[in-house]
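Peer 1: Here is my input; please provide its structure:
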Amino acid sequence: MYNLERIITAIKDIESFFKTLDSMKIGTIQDLEEDIKYHASSMLCLAIINRTIDIASEILVKEAISMPAKYKEIFSSLSKEGILSKEIGQVMERLVEHRNFLAHEYEGLNKKMLIGIIRDVREVKLFVERIKKFIEKRQKNEQEAN
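Peer 2: Down below sits the predicted model:
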């Protein structure tokens, strides 16, 4: 059985982070002129990506799929198992690269890069929808088995 509380909390966090990010109305480099928007949006992206890693890790554990050595590989493992499509897996892998940059090389971030990260991070919404469907299906199968 999945730790649904953990997954639901992570999904709610992601949705809350997106609500805040969307309220900032960032679409162009000029929208990042204010320092507060620049720094807040970068940290929101980092938080969103971190929560997707939490969700993916929880699923790997519950599905008894071996935990890879790198965060990036978590999503390819989920793709190989058919939990994520290959396309979503690849997008999520790219987001982990963005996450690593935000976490470890933040001083090298610029507005152009951040706009690209903000655009890419919106793909997490597809990941969340896929995970919701996967969990629903698993729960239904478990209920039918009992």
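Peer 1: Report the mean confidence score over the top helix by length along the chain.
Peer 2: Assignment by DSSP state H gives helix 35-62 as the longest helix of the chain. Mean per-residue pLDDT for helix 35-62: 95.
Peer 1: Going by neighbour count, list what's buried in the helix or strand following it.
Peer 2: Using DSSP states H and E, the helix or strand that follows helix 35-62 towards the C-terminus is helix 71-80. Using 16 or more other Cβ atoms under 10 Å as the test for burial, helix 71-80 gives 71-72, 74-79. Heads up, the C-betas are built off the backbone N, CA and C, glycines and all.
Peer 1: now do stretch 89-106
Peer 2: By 16+ other Cβ under 10 Å, the buried positions in stretch 89-106 come out as 89, 91-93, 95-96, 98-99, 101-102.
Peer 1: now the helix or strand of the chain with the lowest mean pLDDT, how far from the centre of its chain.
Peer 2: Ranking every helix and strand in the chain by mean pLDDT, DSSP states H and E puts helix 124-145 at the bottom, with a mean of 88. Offset of helix 124-145 from its chain centre (Cα atoms, centre = their mean, to the nearest Å): 16 Å.
Peer 1: And it, what does it pack against?
Peer 2: helix 4-23, helix 35-62, helix 86-104 (3 or more Cβ pairs under 8 Å, 6 or more residues apart in numbering; DSSP states H and E).
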